[in-house]
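Enquirer: What would the 3D arrangement of this be:
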Amino acid sequence: MSMLRTPNPHIPFWLGVSMFRIMILLILVCINSIFIGLILEEIMMRVMIIKNT
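Expert: A predicted model of the protein is given here:
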């Protein structure tokens with residue numbers, strides 16, 4: 001819970017929570033893009049193998 005607390009008392013609590021949610025969303029987007037990249041690479045490898053035969 002200490003991570004959610006903002007060091008500046010003038011900043012409202014909901015702003016800290018929203019920033020925390022934005023960080024989680026960015027991490028999820030990064031993970032999704034990595035998975036999509038791996039899947040596309042796998043598809044491209046299979047297409048190249050099919051074209052070579």
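Enquirer: residues near G16, how many?
Expert: 16 (other C-beta atoms under 10 Å). Heads up, the C-betas are built off the backbone N, CA and C, glycines and all.
Enquirer: repeat for the one 4 residues further on
Expert: Per other C-beta under 10 Å, the neighbour tally for F20 reads 13.
Enquirer: Now name the helix or strand holding it.
Expert: helix 13-52 (DSSP states H and E).
Enquirer: mind checking how far that helix is from the chain centre?
Expert: Distance of helix 13-52 from the chain centroid (C-alpha atoms, centre = their mean, to the nearest Å) equals 6 Å.
Enquirer: Mind pulling the model confidence for P9?
Expert: pLDDT, P9: 65.
Enquirer: what's the answer for K51, then?
Expert: Reading off the confidence values, K51 has pLDDT 88.
Enquirer: For it, which residues are in contact?
Expert: By C-beta atoms under 8 Å, 6 or more residues apart in numbering, the contact set of K51 is empty.
Enquirer: Any stretches of this protein with poor pLDDT?
Expert: Across the chain, residues meeting the criterion (pLDDT under 70) sit at 1-11, 14.
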